[in-house]
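Asks: Just the structure for this:
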Amino acid sequence: MFDWKTIDTVLLDMDGTLLDLHFDNHFWLSLVPQELGRQRGISHDLAQQLVVDAYGKVAGTLDWYCLDYWQTQLQLDIMGLHRTLVDRIQLRQDSMPFLDALAAAGKKRILVTNAHPKSLALKLEHTELAIGLDAMISSHETGYPKEHPQFWQTLFEKFALDPSRCLFIDDSEPILNAARIAGVAHQLGISNPDSQKPLKAFNDFPAIDDYHLLLADLRR
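Replies: Numbering: from 1, shown residues only. Predicted structure coming up:
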């Protein structure tokens, strides 16, 4: 799929790409509306609609990914709720074999995530993900989400990267496109970000559902 001799660095999204997105989907689409309805004494349907509307207003911005923003906006203990679901934080089963193979092939592995630093810390605490990475950055450190060109410029400068020798892997087609526009030479989609949902289709990028499909070429 890729000529690995042309790739020095692999940039990896976290949620849905290295971790099972089921945790986040359940948290934001089920637990948050449930707790909002309980606290405000409103129906689940109304709480669900309030949450969906609130999400839609800031989609694609840094606020959308900011736990502090949602704590203030919804008046919920967002981190406290996160901790009630830590048993659902799971690595994809194919992530560590892939990260180990990248290391063996001499490729630098950098986590690039829109996750809030508090969420990132919680997920690192409850998985072995950190041992499979060489570096990491949250978009909150840059002041821009991955959807914004300035995020990529900051990333390239911070790690002295040549984007023409980078591969970026993500489960979001708009974010893959942002990386391509920013100059990242190679992109790859993940078609099964949530283990509990059907495969998603990618229109403009190659996509896989198992990192093992990359290992034979990577090990050559």
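
Asks: So in the chain, which helix runs the longest?
Replies: helix 44-58 (DSSP state H).

Asks: Would you mind naming the helix or strand containing residue 36?
Replies: helix 32-40 (DSSP states H and E).

Asks: now that helix against helix 44-58, angle please.
Replies: The directions of helix 32-40 and helix 44-58 differ by 120 degrees, with axes from the mean of the first three to the mean of the last three C-alpha atoms, to 10 degrees as the criterion.

Asks: Buried residues in helix 32-40, which are they?
Replies: Across helix 32-40, burial judged by 16 or more other C-beta atoms under 10 Å covers 32, 33, 35, 36, 37. To be clear about C-beta, it is placed using only N, CA and C from the backbone, and glycine gets the same treatment.

Asks: With pLDDT added, can I get those residues in JSON lines?
Replies: Output for the buried residues of helix 32-40, formatted as JSON lines (pLDDT from 0 to 100):
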{"residue": "32", "pLDDT": "97"}
{"residue": "33", "pLDDT": "97"}
{"residue": "35", "pLDDT": "96"}
{"residue": "36", "pLDDT": "97"}
{"residue": "37", "pLDDT": "97"}
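
Asks: out of these, who's nearest residue 55?
Replies: Set against residue 55, the nearest of those by C-beta to C-beta is residue 32 (9.4 Å).

Asks: For that closest one, which residues are in contact?
Replies: 51, 70, 74, 76, 78, 81 (C-beta atoms under 8 Å, 6 or more residues apart in numbering).

Asks: now swap in residue 47 and tell me
Replies: Applying C-beta under 8 Å, 6+ apart to residue 47 gives the contacts 33, 34, 36, 37, 40.

Asks: switch to 7 Å and redo it
Replies: Neighbour list for residue 47: 33, 36, 37, 40 [criterion: C-beta atoms under 7 Å, 6 or more residues apart in numbering].

Asks: got a list of what the first one touches?
Replies: If I follow you right, that is residue 33. Taking C-beta under 7 Å, 6+ apart, we find residue 33 in contact with 44, 47, 48, 51.

Asks: how close does the closest residue in space to residue 98 that isn't next to it in sequence get to residue 142?
Replies: Closest residue in space to residue 98, ignoring its immediate chain neighbours: residue 211 at 3.5 Å, by C-beta to C-beta, 6 or more residues apart in numbering. Remark: distance between residue 211 and residue 142 (C-beta to C-beta, to the nearest Å) = 27 Å.

Asks: What of residue 37?
Replies: In terms of C-beta to C-beta, residue 37 sits 35 Å off from residue 142.

Asks: In this structure residue 120 contacts residue 111, no?
Replies: No. Under the criterion of C-beta atoms under 7 Å, residue 120 makes no contact with residue 111, lying 8.3 Å away.
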